[in-house]
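**Q** sequence first, predicted coordinates after that:
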Amino acid sequence: MISNIKDNSKKFIRKQAIEKVKENITYQQKNVSDYSKEELRTFILKEEKRIIKGAGLKSVLVAAGAMVGITYI
């Protein structure tokens, strides 16, 4: 059960990171084919770390808000 949740969350984060990388590439007016597989992998890994870091910060804010009594952040 827990491993299933971990796998699903990793897949979700990976999909979010891939979408964000595609968005950044199109913003730079380039194509995905302009980059090698290794470059794309590094972009995706960096974006995954950024997503995880942002989710960690949000969870801390939600916990702090819950302690104070704020229900919606």
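**A** Sure, I can see it.
**Q** CA atoms for contacts and neighbours, from now on please.
**A** Will do.
**Q** any idea how many residues pack against Val21?
**A** 21 (other C-alpha atoms under 10 Å).
**Q** I'd assumed Glu47 was in contact with it.
**A** Yes: using C-alpha atoms under 8 Å, Val21 is in contact with Glu47, at 7.2 Å.
**Q** contact partners for the residue nearest to the spatial centre of the chain?
**A** Here the mean C-alpha position of the chain is nearest to the C-alpha of Ile51 (C-alpha atoms, centre = their mean), at a distance of 3.0 Å. Each residue near Ile51 by C-alpha atoms under 8 Å, 6 or more residues apart in numbering is listed here: Ile13, Ala17.
**Q** state the distance from it to Gly69.
**A** The span separating Ile51 from Gly69 equals 26 Å under the rule C-alpha to C-alpha, to the nearest Å.
**Q** now swap in Ile13 and tell me
**A** Spatial separation of Ile13 from Gly69 under the definition C-alpha to C-alpha is 29 Å.
**Q** look at those two and report which has more neighbours.
**A** Neighbours were counted for Ile13 and for Gly69 using other C-alpha under 10 Å; Ile13 has more, 18 against 9.
**Q** which element, helix or strand, includes the residue nearest to the more buried one when sequence neighbours are not counted?
**A** Once its chain neighbours are removed from consideration, Ile13 has its nearest residue in Glu48; the separation is 6.4 Å (C-alpha to C-alpha, 6 or more residues apart in numbering). With elements delineated by DSSP states H and E, Glu48 resides in helix 37-68, which encompasses its position.
**Q** perfect, that will be all.
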